[in-house]
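Visitor: sequence and predicted structure below; questions after.
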Amino acid sequence: MTMGSTRRTVLTTGAAGTAALLMGCGEYGGDDGGDTTERSSPGGTAADGGEELAKTADIPVGGGKIFDEQEIVVTQPAEGDFKAFSAVCTHMGCIVSSVSDGTIDCACHGSKFKVADGAVVHGPATEPLPAEKITVAGNSILRP
Ligand code: FES
């Protein structure tokens, strides 16, 4: 009898804890774009016109980072020099899969593009990745 009542108490507490966790996730994870007001940072950079894609420190020098949801790849060919390109491969439309050894790589059929300008290094793609507009404000990379 006593054990049964103790177990019920534990289960109730567990459910309440899970509900609290889910609510916490909702507050931070519900931003799918559109409204940028939740993204304001202490520096106020988001208010200058754009969605914050990343911090500059997130982008490796000589490499880059792919943002699947936004279909953008941001690269940093040289320290402090940030570029952005469409992450949609110009061959058949896959989202590029990785950035390594100075190239943006598509796993679908093996195309590779330069991190510096999106130019084709290795086919079958024949067209470069189109440039995308970004702005760097302080340590934030913004998409207008
Ligand atoms: Fe990227 Fe074919 S879609 S190489």
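Guide: The structure has been received and is ready for your questions.

Visitor: the ligand contacts on this protein?
Guide: 89, 91, 92, 93, 94, 106, 108, 109, 110, 111, 124, 125 (C-beta under 6 Å from any ligand atom). Every C-beta, even on glycine, is put in place using the N, C-alpha and C of the backbone.

Visitor: now for the nearest residue to residue 92 once chain neighbours are set aside: which residues touch it?
Guide: Distances taken as C-beta to C-beta, 6 or more residues apart in numbering place residue 108 nearest to residue 92, at 6.4 Å, with adjacent residues excluded. Contact partners of residue 108, counting by C-beta atoms under 8 Å, 6 or more residues apart in numbering, are 89, 91, 92, 94, 97.

Visitor: please tell me how far residue 105 sits from residue 142.
Guide: With the distance defined as C-beta to C-beta, to the nearest Å, residue 105 ends up 26 Å from residue 142.

Visitor: and residue 58, how many neighbours?
Guide: 13 (other C-beta atoms under 10 Å).

Visitor: so residue 59 is in contact with residue 73, correct?
Guide: No - Residue 59 is not in contact with residue 73 according to C-beta atoms under 8 Å; the separation is 9.8 Å.
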